[in-house]
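Undergrad: sequence and computational prediction follow.
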Amino acid sequence: MKDPKKPSFRIYPSIGIARMGNGPATKEDVVFSPEVPWKNLFDTDFVPHTSDGALKKQAQRFYIYKCDDQGNPIEKINARDYDIEWFVEVANKKPFWYDFNNSLDLSVNMDDKVNHHNNKNLSIAFYEDRIAPGISASSRNPNIPSEGVQERGIPNSRKELVNGPNFGSVSLANNRMELEGLFPFPRVGTESNIANKMKTVPKTVKLGTIEYDKDDHKPETNGSLIFYSGDGISASLNPSDLNTDFADNSNWYDDICDGRVTAKLTPKGGGETIFLDGPETAAWIATAPPDYAPQINPISSLYDLVTGADPKPLETNEASLLSMVLPLFFKFYQMQWVNLSDFLAPSFKEVIDKLTHNGNFDFLYTNSPESQATREAIFTLFRNPRYNYINEGIIPSKDVTSFDSLGIPPIPYKLPYYVGDGVNYPGSPAQWFAIPPFLYDQLEQWSKGNFTTPPELTKFNPEDMVQLGEYYQNDFVNAASDPKKAPLLMTRAVLETLYGGGFHPGVELTWPMRHAQMYCENTLTFDSVNGTEKYDLYGLREVRINSASKEVQDQVFFNDFGFLMTPEDVRKSMDANNPEYWLWQITPGDLTKWMGIPWQSDAGSCQAVWIDSHYPVPSWWAANLPIDVLTNESYQAIKNPDTLPDTKRNLYASRQPWLQTTDAGYVGYHAEGGYLNGLINMVYRWDQIGSVAARKLDLKGYPKTVYVS
């Protein structure tokens, strides 16, 4: 019997990402967001630029699926059977929101007295030991007062700082529409108080383009919605205002946005019209900066955080444990192509290469007595996300006092060599990034040999890390042939490409995504991706953003916390019984409002972070914003038969700064000076930077697939 509360149709993927590019918004000239996790990782024919050199946009395609009695997807609908009208509503709230100092959840106690510390993504040490307290944030554009502090009768100009909501719809009859907003956004008539005061006019800002894909020759995509991003345009209302901060620049606007995707479905043979506009049926789209290395996935992804945000305990067992740990190892190994500190030694790559060289790669997936010491040694390399106070090096800032030693020699740096949420606090262990606690726990069980090796893995017998990646790639691809799993894999494919930390604020989205309150549904639908072991590859989830109803949106769309937003506001908001809970009733613009404005400032400033030692050099988000790369010039010289063998090796080992073409200044932590050149140039030259793509290299002694900028 059908559960009347369960939907009959849903839109997939439930969360989509479209990325900036200066190429045209046409389906022939874009890259589509992946629909199967890992499918594109070894594609040596990937082309990130158009024929005339423009950076391709990454477009997101949405589909409608029919569901069973329990609301689980079972088959994609056919446009021949339904009249479909798609609706999109997006906004940009960045200028209206708050400055970014650090993640405001770091001071919040997650103990709900039921599941106790129910957030598997954050260590309780953030709250109990105050290792990196949240820092209250003041409003962006503070010179524009809110309604409550003005004389009666003076209009509330702060609402004009929200670009949107902007609506659009497409169907077979009208299959294409640009989503054009304005900044400032007039709220009464066509006049903007802010623009008038500045003696200018509202600027047209294209937030995206939507298209109803009509192609009878391709029934698998006919009737789907394509969402194209904007063109990556950022500017200031006052042309003389430069973007001098990594995240917060008054008077600035950009064309990032997010919002809901809904649909109206009418059977062509007659029948009731169905509206897919509730949180359990609608999807959410967010636009983001380019992924400059789309075939390299972050070692900790947003899918990890969605898994950790489920309040229910993880039901793992020995049969599924390897499929949680080994994919992490593969992603970590691949970071060598975008970050020098993951390419040289000491590094995780060096550890794995030694195993491979000695013929002991199988130590990673066998629990024999011979492999025990190796597994334990690898485990000790990783940083404990519960942040016991180890004496790692301090990431400096302008506030560091010249003081040579605390009297204790520093221990070797733990893995990974990345910057964490607590970077604002020199000396805090949380300056350094750690994998999520729940994943670290699986790693510990692996080190103890508490796992069984699936017979399929034993038969595949990978002999190096690339072969291991191919093994799990096959798992995902094979699972996608199941029409019940394919739509859930679409959502996961998107989330696997998004960074799961550190958040300062991040690349695409940020810290609210790691909390259960963000989701109206976060349910483990399939225990296994492709096997029979419970929780194989984390399983597959139905994930839906907790989007507000139309009535609630009318009430909360322009809500804020006044002049200052505090960690206490966040703590109160997490209880649905408190009035502050509106923070989690998501409306268009709410996912991206926390991010830096303009987006190029944060992307250009977050690179390497220089510390006292010459190696390793910690970095931010290299899987999407590379740090050090193998250039195309070096790649071509390596392939050239006239190049001497020693020179080939030198070229291969000589990784170059990714941002060298933008004069970006090679800087890191935002408190440092000397990086304004990079912030400013990134606004105008972001589309001229190389993208890292897989290429073949048929040369003895080198990887068969290399990743070239």
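TA: Received, thanks.

Undergrad: which intervals of the stretch 351-500 of the chain have sub-threshold pLDDT?
TA: The stretch 351-500 of the chain contains residues with pLDDT under 70 at 390-391, 396-411.

Undergrad: where along it do the strands fall?
TA: Applying DSSP state E, counting those that start in this stretch to the stretch 351-500 of the chain gives no strands.

Undergrad: run a quick neighbour tally on the residue nearest to residue 485 when sequence neighbours are not counted.
TA: Closest residue in space to residue 485, ignoring its immediate chain neighbours: residue 479 at 5.0 Å, by CB to CB, 6 or more residues apart in numbering. The C-beta positions use only the backbone N, C-alpha and C, and glycine is treated the same way. Residue 479 has 24 neighbours, counted by other CB atoms under 10 Å.

Undergrad: how about the contacts made by residue 479?
TA: Each residue near residue 479 by CB atoms under 8 Å, 6 or more residues apart in numbering is listed here: 485, 489, 529-530, 540.

Undergrad: please redo it, this time with the cut-off set to 6 Å
TA: In this structure, residue 479 makes contact with 485, 529-530, judged by CB atoms under 6 Å, 6 or more residues apart in numbering.

Undergrad: got it, and residue 545?
TA: With CB under 6 Å, 6+ apart, residue 545 has these contacts: 284, 586.

Undergrad: wait, residue 74 touches residue 10, no?
TA: No. Judged on CB atoms under 6 Å, residue 74 makes no contact with residue 10 at a distance of 10.5 Å.

Undergrad: neighbour count winner among the two?
TA: Neighbours per residue (other CB under 10 Å) separate residue 74 from residue 10, with residue 10 holding more: 25 against 12.

Undergrad: show me what that one is bridged to.
TA: residue 65 (DSSP bridges).

Undergrad: and it, how close does it get to residue 84?
TA: According to CB to CB, to the nearest Å, residue 10 stands 14 Å off from residue 84.

Undergrad: counting neighbours, what do you get for the closest residue in space to residue 230 that isn't next to it in sequence?
TA: Distance criterion CB to CB, 6+ apart; nearest residue to residue 230, sequence neighbours excluded, is residue 255 at 3.2 Å. Residue 255 sits with 24 neighbouring residues when counted by other CB under 10 Å.

Undergrad: list the residues that contact residue 255.
TA: 205, 207, 230, 233.

Undergrad: go on, residue 593?
TA: Applying CB under 6 Å, 6+ apart, the residues contacting residue 593 are 93-94, 97.

Undergrad: element containing it, please.
TA: Per DSSP states H and E: residue 593 is located in neither a helix nor a strand.

Undergrad: below-threshold pLDDT in the stretch 101-250 of the chain: ranges please.
TA: Applying pLDDT under 70 to the stretch 101-250 of the chain flags the ranges 111-118, 147-155.

Undergrad: for the contacts of residue 593, which one is nearest residue 39?
TA: Using CB to CB, residue 94 comes nearest to residue 39 of the contacts of residue 593, at 32.6 Å.

Undergrad: number of residues surrounding that closest one?
TA: Residue 94: 30 neighbours (other CB under 10 Å).

Undergrad: any idea how far residue 705 is from the closest residue to it other than its chain neighbours?
TA: Distances taken as CB to CB, 6+ apart place residue 597 nearest to residue 94, at 4.2 Å, with adjacent residues excluded. Per CB to CB, residue 597 is found 37 Å from residue 705.
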